[in-house]
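Chemist: Okay, here's the prediction I keep looking at, along with the sequence it came from:
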Amino acid sequence: ILLAADDSTYGKSGKKIEGAATHFDHAAKMNSSKYIWGHCRVVTGILSMVKDRWAFLPLLQDNYIPKKQLKNGDGKTKIELAIEQTQQIAQEFTNRELLLICDSWFGVKTLVKALCDTSRERSIHILSRLRINSSLCEFPESQTGGRGRPKKYGAKIESVTALAMKLKPSANSAKIFMYSKNRDVQFSETIVMSKALQRKIKIIFVYRKNGYIF
């Protein structure tokens, strides 16, 4: 089952609206304020292909208010809300594998650890965009004997971009559904260690004809 989690912010004009607060607007235009007064809702639901387009069916949502704007300061973060919603949905699909799709803002260690490191019989996997400044490492060399705890990380990889260019000569071809069309692309994949997530991750690089790399 494909799940998706994201937040949605929309402005309000009244100052006495229940649940309204000041939020940073990531999608603000150049000539607009970076902050907006209104609601910010964290939503989790199911993704499904309908008439050759991705459709999102929202199942759970919660209003988010920054802790510093609450009188008691006892609120929950967006990440915590997304975790709770995903766990609640997972309880309804105990015999199915789940893939949660989110952007790089949500795809952090707190969310990954809470959803992946569980005793659930069927796994919850996470698909997220990789941050360009991610700290990646190779696997450590096997150690025989010696003192101390075995190394968790191997040699540091220079950068995400450098890794993508290194793998490009051995890229494979595929036809994938991108921007509402089936497109021919080149892709490569590898498994490395992520210091931010403190675990193994699979990275897939998709090379566009215009030189852009996902």
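Modeler: On my side now, so go ahead.
Chemist: Could you check the pLDDT of the closest residue to Tyr207 other than its chain neighbours?
Modeler: Of all residues not flanking Tyr207 in the chain, Gln186 sits nearest, at 4.3 Å (CB to CB, 6 or more residues apart in numbering). (Glycine included, C-beta is placed from N, CA and C.) With respect to pLDDT, Gln186 scores 94.
Chemist: Same check on Gln143?
Modeler: For Gln143, the model assigns a pLDDT of 64.
Chemist: hang on, the earlier thing: the residue nearest to Tyr207 and Arg129: what is the separation?
Modeler: To Arg129, Gln186 is 19 Å away according to CB to CB, to the nearest Å.
Chemist: Look at Ala174 and report its pLDDT.
Modeler: Here the pLDDT value assigned to Ala174 is 93.
Chemist: That one - how many residues pack around it?
Modeler: Neighbour count of Ala174, defined by other CB atoms under 10 Å: 11.
Chemist: Mind giving me the packing neighbours of the helix or strand containing it?
Modeler: Ala174 belongs to strand 172-178 when assigned by DSSP states H and E. Helices and strands touching strand 172-178, by 3 or more CB pairs under 8 Å, 6 or more residues apart in numbering; DSSP states H and E, are strand 181-194.
Chemist: start to end distance for stretch 64-72?
Modeler: 15 Å (CA to CA, to the nearest Å).
Chemist: Show me what the residue nearest to Tyr207 is bridged to.
Modeler: On the basis of DSSP bridges, Gln186 is bridged to Ser173, Tyr207.
Chemist: give the contact list for it.
Modeler: Lys168, Ala171, Asn172, Ser173, Ala174, Val206, Tyr207 (CB atoms under 8 Å, 6 or more residues apart in numbering).
Chemist: same check, this time on Met193
Modeler: The contact partners of Met193, taken as CB under 8 Å, 6+ apart, are Leu136, Cys137, Glu138, Phe139, Lys152, Tyr153, Gly154, Arg199, Lys200, Ile201.
Chemist: ok, 10 Å please
Modeler: 135-140, 152-154, 156-157, 199-201 (CB atoms under 10 Å, 6 or more residues apart in numbering).
Chemist: any idea which of those has the most stuff around it?
Modeler: Leu136 (21 neighbours).
Chemist: pretty sure that residue is touching Arg199, no?
Modeler: No - applying CB atoms under 10 Å as the test, Leu136 and Arg199 come out as separate, 11.8 Å apart.
Chemist: Return the set of buried residues in the helix ranked longest in the chain.
Modeler: As assigned by DSSP state H, the longest helix anywhere in the chain is helix 78-92. Across helix 78-92, burial judged by 16 or more other CB atoms under 10 Å covers Lys78, Ile79, Glu80, Leu81, Ala82, Ile83, Glu84, Gln85, Thr86, Ile89, Ala90.
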